[in-house]
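In: this one's sequence-less:
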């Protein structure tokens, strides 16, 4: 089966897409149709940093909402910024 391609809104080029929507919501469908696997992998790394830096708990509804808001910004907004105090591992 041929690899599904999408024009990635994050990386601004045609790349292999996700195998399936990441969630069963309108946002999940939008991501599936417009985000490459490469950009999704970048989001997953960024999300891990957000969870750790902000001490978010994905089981809490308010933390889930914060993550979704950051995800929308990351892919479809102005981009998500790391926390002000964040120091990347290579610079510590």
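Out: The structure has been received and is ready for your questions. These figures come from a predicted structure and were not determined experimentally. Numbering: from 1, shown residues only.

In: contacting residues around residue 31?
Out: 18, 21-23, 40, 71, 75 (CB atoms under 8 Å, 6 or more residues apart in numbering). Where you see a C-beta, it was placed from the backbone N, CA and C, and this is true even at glycine.

In: ok, now residue 7?
Out: 13-14, 34.

In: how deep is the closest residue to residue 17 other than its chain neighbours tucked in, by neighbour count?
Out: Spatial nearest neighbour of residue 17, chain neighbours left out: residue 6 (3.9 Å); criterion: CB to CB, 6 or more residues apart in numbering. Counted by other CB atoms under 10 Å, the residues lying close to residue 6 total 19.

In: Residue 6 reaches residue 14, doesn't it?
Out: Yes - judged on CB atoms under 8 Å, residue 6 makes contact with residue 14 at a distance of 7.0 Å.

In: quick one: which helix or strand includes the residue most central in space within the chain?
Out: The residue lying closest to the centre of the chain (CA atoms, centre = their mean) is residue 43, at 3.2 Å. Here residue 43 sits within helix 37-53, counting by DSSP states H and E.

In: which element follows that helix toward the C-terminus?
Out: With secondary structure assigned by DSSP H and E, helix 37-53 is succeeded by helix 61-76.

In: counting contacts, what elements does that next one pack onto?
Out: In terms of contacts (3 or more CB pairs under 8 Å, 6 or more residues apart in numbering; DSSP states H and E), helix 61-76 is packed against helix 26-34, helix 37-53.

In: of those helices, which approaches residue 65 most closely?
Out: Set against residue 65 and scored by CB to CB, those come closest in helix 26-34, at 11.9 Å.
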